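K.L.:
Starting from these lines, generate the structure:
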Amino acid sequence: MNIAVKPPSALERIRLIRTLGPGGTNCEAAARHYIGQRDLTAEVALHATLEEAIEMVVAEPDSALLGCVVYPDLHNLVFPYLGKMVLADLFLFDTFNMVFAARDPKAPIRSVASHPAPSSLVSPFHDLTLVTSNAEAARRCAAGDFDGCITTLAAVEKEGLTVVKDHGAVPMGFTIHVPTL
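P.N.:
You can find the predicted model right below:
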């Protein structure tokens, strides 16, 4: 078996981790955790999608992309970039508590926003709309675009929503992809 392993120096030279935003995502929290655990001097840049972020990382030798193992299109962050990027590290980190939240929990909840990954937490009786992140779901719920959302407890607190059901923290796998420059 031939296992390609990126040398640790590729991880030590990381000065920027690009991941999913807006602020308050599980990916942002995982990136900051990774920087602390690896004792890196690095910043975090947030993007609307990981597909947008990886296009920048490909050309940045000192950057990395942080993904999540439940990201619906994670395979599209690996196979199209063979020879340009390598999956260099994996780690476990508990997500924020994943919650079902609403602007007004006493009002009927018909429309619900969710990132595709946790969308199975939405009841089939709700009108589901997929959005780009858990934090974006909370932001759009607070803006009045939706009655409820699947999001993180951190995003609920930031957006002033009310928790309807708390599913708790989820032990999660996160990936670090670096350019092969």
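
K.L.:
And the residue lying closest to Gln37 once chain neighbours are set aside, what's its pLDDT?
P.N.:
Spatially, and ignoring its direct neighbours in sequence, Gln37 is nearest to Phe91 (7.4 Å; C-beta to C-beta, 6 or more residues apart in numbering). Backbone N, C-alpha and C define where each C-beta goes, glycine included. If you check Phe91, the pLDDT there is 97.

K.L.:
mind checking which helix or strand Phe91 is in?
P.N.:
strand 85-94 (DSSP states H and E).

K.L.:
tell me which residues form a beta bridge with Thr162?
P.N.:
Beta bridges link Thr162 to Ala102 when assigned by DSSP bridges.

K.L.:
ok so, going back, any idea how far the strand holding Phe91 is from the chain center?
P.N.:
Distance of strand 85-94 from the chain centroid (C-alpha atoms, centre = their mean, to the nearest Å) equals 13 Å.

K.L.:
any residues touching it, and which ones?
P.N.:
Defining contact as C-beta atoms under 8 Å, 6 or more residues apart in numbering, one finds that strand 85-94 is touched by 4, 6, 10-11, 29-30, 33-34, 37, 54, 57-58, 64-65, 69, 77-78, 169-180.

K.L.:
what about Asp94, how many neighbours?
P.N.:
The number of residues packed near Asp94 is 14, by other C-beta atoms under 10 Å.

K.L.:
Give me the distance between it and Leu130.
P.N.:
Noted for Asp94: a distance of 24 Å to Leu130, by C-beta to C-beta, to the nearest Å.

K.L.:
Check Val112 too.
P.N.:
10 Å.

K.L.:
just checking, what packs against whichever helix in the chain runs longest?
P.N.:
Longest among the helix segments of the chain by residue count, using DSSP state H, is helix 26-37. Helix 26-37 makes packing contacts with strand 16-20, strand 43-47, strand 63-68, strand 85-94, strand 171-179 when contacts are defined by 3 or more C-beta pairs under 8 Å, 6 or more residues apart in numbering; DSSP states H and E.

K.L.:
Please consider this matter closed, and thank you.
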